[in-house]
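S.K.: need the 3D shape of this:
(chains A and B)
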Amino acid sequence: MKHIVKLLILLVAVSAFWIGLLETVVPRSYAWLLPVYFIVSLGCYGLLMVGVGLMHFPTCPQEAVLLQKDIAEAKEFLKQRGVDVDCD
Amino acid sequence: MEINKNKYSIIVPTYNERLNIALLVYLVFKHLRDVDFEIIVVDDGSPDGTQEVVKQLQQVYGEDRILLRARPRKLGLGTAYVHGLKHASGNFVVIMDADLSHHPKYLPSFIRKQLETGASIVTGTRYVKGGGVHGWNLMRKLTSRGANVLAQTLLWPGVSDLTGSFRLYRKSVLEDVISSCVSKGYVFQMEMIVRASRKRYHIEEVPITFVDRVYGSSKLGGSEIVEYLKGLAYLLVTT
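M.R.: Prediction:
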């Protein structure tokens, strides 16, 4: 089953649930607004995830140092064996 | 300890990477002792002499270890992998960038992970503990994180790093997945891993660090965001 089909089925199920709510328990005015609440919450959740991810974005400054060492070692070795490693 | 009888074909597409390819080859040989591998350089007619440097490297390391399979001009990343695959004699294939943002020191951890779990695909992720990036400003991190959250929400891909291109594939799996992918550029990388996930291939992740390129110029351009969104929409509907 394609992913989009899965999502559409989920959407249909949630819509059916919402329509059910409209008909029965919850006062009409609140029920009509549920989709809006849902979308806004989804948006907020997304922003939160982006923010949290940004705060905890793993960085590795020490890797840049190690890379420079590796580059120097590589240039040394290759130069001795006739490979052209001059900077471009 | 069991001897690893697998052979690994490392496909490296290049365009104007004359210095980086030499450094990369040295580092691969340094970190993959006792492993049977070959490096397949797919160069798209670089005007800077990349192919000459590769020939020099062949003199040092052997023409059976370094294969130069060039193409006449820039023909795109996806087709570069397909081209490299045709000449790959290993039963596993590694794809990685030539610009040293993918460090060969992680190759043993990819191999080890695959041997431990029997996975069909091992993909490097920058976004978990033990991984990381360097040289990215706030804007880049923001777009990366935003793109990732959007993709996770829409696609449920099952991997944490969708656009990463440092991966180990079982050769038969790569052949299967690549034949059904049609995107270009890095959306292609996303399409590969999403399609593999949909086909229920066993995918494992290892943390990698990604240091922004030191030499040469990046091939990434300006209209990425639009391309990315288009790519997401395409993947949403077709996978």
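S.K.: which parts of the chain are helices?
M.R.: With no chain named, the answer covers chain A. Assigned by DSSP state H, the helices in chain A fall at A:3-23, A:28-55, A:61-80.
S.K.: oops, chain B please
M.R.: Under DSSP H, chain B gives helices at B:18-31, B:50-61, B:77-86, B:107-117, B:138-155, B:171-179, B:185-198, B:224-238.
S.K.: tell me the gap between stretch A:61-78 and the middle of its chain.
M.R.: 32 Å (CA atoms, centre = their mean, to the nearest Å).
S.K.: quick one, what contacts the residue positioned nearest the centre of chain A?
M.R.: By CA atoms, centre = their mean, chain A has its centre lying nearest to A:Val50, at 7.2 Å. A:Val50 sits next to B:Leu142, B:Arg145, B:Gly146, B:Val149 when contact means CB atoms under 8 Å, 6 or more residues apart in numbering or on different chains. Quick note: C-beta positions are derived from backbone N, CA and C, even for glycine.
S.K.: nearest spatial neighbour of the third one, skipping sequence neighbours?
M.R.: Pointing back at B:Gly146 there. Once flanking residues are discounted, B:Gly146 sits nearest to A:Val50: 5.2 Å by CB to CB, 6 or more residues apart in numbering or on different chains.
S.K.: pLDDT weak spots in the chain?
M.R.: This is for chain A. Counting by pLDDT under 70, chain A shows low-confidence ranges at A:25-27, A:87-88.
S.K.: my bad, chain B
M.R.: Within chain B, the segments meeting pLDDT under 70 span B:1-2, B:214-222.
S.K.: quote the end-to-end distance of stretch B:33-46.
M.R.: End-to-end span of stretch B:33-46 (CA to CA, to the nearest Å): 30 Å.
S.K.: would you mark the buried spots in it?
M.R.: B:Phe37, B:Glu38, B:Ile39, B:Ile40, B:Val41, B:Val42, B:Asp43, B:Asp44, B:Ser46 (16 or more other CB atoms under 10 Å in any protein chain shown).
S.K.: go through the residues you listed and name the one nearest chain A.
M.R.: B:Ser46 (11.0 Å; CB to the nearest CB).
S.K.: I figured that closest one hits B:Pro13, correct?
M.R.: No: taking contacts as CB atoms under 8 Å, B:Ser46 lies outside contact range of B:Pro13: 10.8 Å.
S.K.: quick check, B:Leu75 in contact with B:Asp44.
M.R.: Yes: the pair B:Leu75 and B:Asp44 passes the contact test of CB under 8 Å, sitting 5.9 Å apart.
S.K.: identify the residue nearest A:Ile4 in space, chain neighbours excluded?
M.R.: B:Val237 (5.1 Å).
S.K.: let me see the contact set for A:Met49.
M.R.: A:Met49 neighbours (CB under 8 Å, 6+ apart): B:Val149.
S.K.: what residues does chain A put near chain B?
M.R.: A:2-4, A:7, A:46, A:49-50, A:53-54, A:57-61, A:63-64, A:67-68, A:70-71, A:73-75, A:77-78, A:81-88 (CB under 8 Å from any CB of the partner chain).
S.K.: one more pass at 6 Å, please.
M.R.: A:3-4, A:46, A:49-50, A:53-54, A:57-61, A:63-64, A:67, A:71, A:74, A:77-78, A:81, A:83-85, A:88 (CB under 6 Å from any CB of the partner chain).
S.K.: list only buried entries from those.
M.R.: Buried among the residues of chain A next to chain B (16+ other CB under 10 Å): A:3, A:49-50, A:53, A:57-60, A:63, A:67, A:71, A:74, A:77-78, A:83, A:85.
S.K.: now flag whichever of those residues is closest to B:Ser120.
M.R.: A:His3 (19.7 Å; CB to CB).
S.K.: what's the burial count for the residue lying closest to that closest one once chain neighbours are set aside?
M.R.: Counting by CB to CB, 6+ apart, A:His3 lies nearest to B:Thr239, which is 5.5 Å off, once chain neighbours are set aside. B:Thr239 has 19 neighbouring residues, counting by other CB atoms under 10 Å in any protein chain shown.
S.K.: residues touching B:Thr239, list them.
M.R.: By CB atoms under 6 Å, 6 or more residues apart in numbering or on different chains, the residues touching B:Thr239 are A:His3, B:Val194, B:Arg195, B:Arg198.
S.K.: hmm, B:Pro157 and the second one touching each other?
M.R.: Translated: B:Val194. Yes: applying CB atoms under 6 Å, one finds B:Val194 in contact with B:Pro157, separated by 5.2 Å.
S.K.: the more surrounded of the two?
M.R.: Counting neighbours by other CB under 10 Å for B:Val194 and for B:Pro157 shows that B:Val194 has the greater number, 25 against 21.
S.K.: ok, now which ones touch that one?
M.R.: By CB under 6 Å, 6+ apart, the neighbours of B:Val194 are B:Leu155, B:Pro157, B:Leu235, B:Thr239.
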